[in-house]
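**Student:** below is the sequence, then the predicted model.
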Amino acid sequence: MTALLEILAPGAMTTVQDLGRTGFRGQGVPLAGVLDRVTLRLVNALLGNDPGEAALEVRLTAPRIRVGDAPLRLGLGGDVSARVARNGKTVEASPWTTLTLEPGETAEIRLIHGAMVGVVGIAGGMDLPPVLGSRSTYVRAGIGGVQGRALVEGDRLRCRAPAPKGAERRLADPFPMGGGPIRVLPGPQEDFFTAEALETLFSADYEVTKDLDRMGIRLSGPSLAHHPERGAEILSEGMAPGCIQVPGSGQPILVLADGQTVGGYPKPGVVISADLPRLAALRPGDRLRFQAVTQEEAEAALDHLEGRIREAVAAITEDKLVDGYDLEALQSGNLIGGVVDMARPDHFPGHLEETPPCR
């Protein structure tokens, strides 16, 4: 029997997302899909799912869920943890682990460390119909996921396959995405900006504003001046996640997964694929800096990231902890080592000789 997951509290913005809706940008359909594709792949590896299986992307605040008539296994990716009350105890599941819920149990999903976004996978995947080849939710067009919208209280999601049996699984180590400047390939419209503007883009700090969603992030910082002979607009052309647009205000806009397929503002650069997952974690008030890289450096960065992903998947281990204890280690050890026999002088030298007998 497959499990049923019921949404008791949806969180601020919880949507169903997979790796995105490819092949339809020419018809004006954005990619959509999870903002952090690396975390989705690792969560699915923990669960034994296909790498692109749809999961729940949680933003700002996380949901509370209840399991129906069969066990359900969750995979927690990024800064996401879970808490469930079980047999009078509170069981905690850490990021980068799985957690199997029994029928009727309720789990509180949490974003930790003030995180902005996380991924909660479900073993076996969700029984939702693909739309244009993807289960990803694109809210603006009302397609994919659950009726093309964010989840709401009372939504009920059925799994396509039963939860696997056996021990929980975890990554051997957390998977940080790294820090430092956001790496950018210059272009395609560098010539629409003054030399001073390009120098500023790759040397100044920019702040993430409150204007951010799955479509894009508006930044605040030193204005980027357009070349006076070029202006601040171009004929609309294709765009992709990671593009940096600069409208007439001179303030950059980062395009994300739900971003439009075409745009009419010049673009001084595009965030490289290896750094796109880092954009998902940006919060209002965060500061960032851009760094120009070459095509060769961008490809090397992506190769390095893919290598790290392969190593992380290969090192997935079974979680031997039960309610916080490694029972296998306890049961295999000598739990009564160090016992002494008080009646034997060689075990407790001098004791019997020096202590008068009890009367």
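**Tutor:** Yes, it's here.
**Student:** for the residue nearest to Pro181 when sequence neighbours are not counted, name its beta-bridge partners.
**Tutor:** Using Cβ to Cβ, 6 or more residues apart in numbering and skipping the chain neighbours, the partner closest in space to Pro181 is Gln291 (3.7 Å). For the C-beta atoms, the positions are set from N, CA and C on the backbone; glycine is no exception. Counting by DSSP bridges, Gln291 is bridged to Arg183.
**Student:** just the strands in the stretch 251-359 of the chain please.
**Tutor:** With DSSP state E, counting those that start in this stretch as the criterion, the stretch 251-359 of the chain has strands at 253-255, 262-263, 269-271, 287-288, 290-292, 317-319, 321-322, 325-326.
**Student:** and of those, who's closest to Leu132?
**Tutor:** In terms of Cβ to Cβ, the element of these nearest to Leu132 is strand 262-263, at 17.9 Å.
**Student:** among the strands of the stretch 251-359 of the chain, which comes closest to Thr194?
**Tutor:** strand 269-271 (14.8 Å).
**Student:** could you list the low-pLDDT ranges of the chain?
**Tutor:** Counting by pLDDT under 70, the ranges of the chain that qualify are 320-359.
**Student:** can you show me the strands along the stretch 101-250 of the chain?
**Tutor:** 106-111, 117-122, 156-158, 168-170, 182-186, 206-212, 216-220, 237-238, 243-245.
**Student:** and those: which comes nearest Thr317?
**Tutor:** strand 168-170 (6.1 Å).
**Student:** buried stuff in that closest one?
**Tutor:** Residues 168-170 are the ones in strand 168-170 that count as buried (16 or more other Cβ atoms under 10 Å).
**Student:** again, but for stretch 198-210
**Tutor:** Going by neighbour count (16+ other Cβ under 10 Å), the buried part of stretch 198-210 is 198, 200-201, 206, 208.
**Student:** cool, stretch 250-262 as well?
**Tutor:** Neighbour-count burial for stretch 250-262 [16+ other Cβ under 10 Å]: 250-261.
**Student:** biggest separation within the residues you listed, which pair?
**Tutor:** With Cβ to Cβ as the measure, no two of the buried residues of stretch 250-262 lie farther apart than Gly250 and Ala257, at 25.1 Å.
**Student:** pull the CA atoms of stretch 185-195 into PDB?
**Tutor:** What follows is stretch 185-195 as a C-alpha-only set of coordinates in PDB (Å, rounded to 0.1, in the frame of the first residue of the first chain):
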ATOM      1  CA  LEU A 185      30.300  34.700 -17.400                       C
ATOM      2  CA  PRO A 186      30.400  38.200 -18.900                       C
ATOM      3  CA  GLY A 187      28.000  39.000 -21.600                       C
ATOM      4  CA  PRO A 188      26.000  38.800 -23.800                       C
ATOM      5  CA  GLN A 189      25.500  42.600 -23.800                       C
ATOM      6  CA  GLU A 190      28.700  44.000 -22.200                       C
ATOM      7  CA  ASP A 191      28.900  46.700 -24.900                       C
ATOM      8  CA  PHE A 192      25.600  48.200 -23.500                       C
ATOM      9  CA  PHE A 193      27.500  49.300 -20.400                       C
ATOM     10  CA  THR A 194      30.300  51.700 -19.700                       C
ATOM     11  CA  ALA A 195      33.700  50.400 -18.700                       C
END
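**Student:** name the residues that touch it?
**Tutor:** Residues outside stretch 185-195 that contact it (Cβ atoms under 8 Å, 6 or more residues apart in numbering): 198, 201, 224-227, 230-232, 234, 246, 266-270, 272, 292-295, 298.
**Student:** could you do stretch 21-31 as well?
**Tutor:** With Cβ under 8 Å, 6+ apart as the criterion, stretch 21-31 contacts 20, 32-33, 131-134, 136, 138, 141, 144, 238, 240-241, 257-262.
**Student:** picking up where we left off before, surely the residue nearest to Pro181 meets Ser203?
**Tutor:** No. Using Cβ atoms under 8 Å, Gln291 makes no contact with Ser203, being 9.4 Å away.
**Student:** what about Gly231, neighbour count?
**Tutor:** Burial of Gly231 is recorded as 11 neighbouring residues (other Cβ atoms under 10 Å).
**Student:** tell me the contacts of it?
**Tutor:** Residues in contact with Gly231 (Cβ under 8 Å, 6+ apart) are Phe192.
**Student:** contacting residues for the residue lying closest to Arg140 once chain neighbours are set aside?
**Tutor:** In this structure, Arg140 finds its nearest non-sequential neighbour in Asp258, 6.8 Å apart by Cβ to Cβ, 6+ apart. Going by Cβ under 8 Å, 6+ apart, Asp258 touches 30-32, 138-140, 213-215.
**Student:** Pro51 now?
**Tutor:** Pro51 is in contact with 19, 40-41, 44-45, counting by Cβ under 8 Å, 6+ apart.
**Student:** with adjacent residues omitted, what lies nearest to Gly263?
**Tutor:** Looking at Gly263 with Cβ to Cβ, 6+ apart, the closest residue is Met239, at 4.8 Å.
**Student:** let me fix that, I meant to ask about Arg230.
**Tutor:** Phe192 (4.4 Å).
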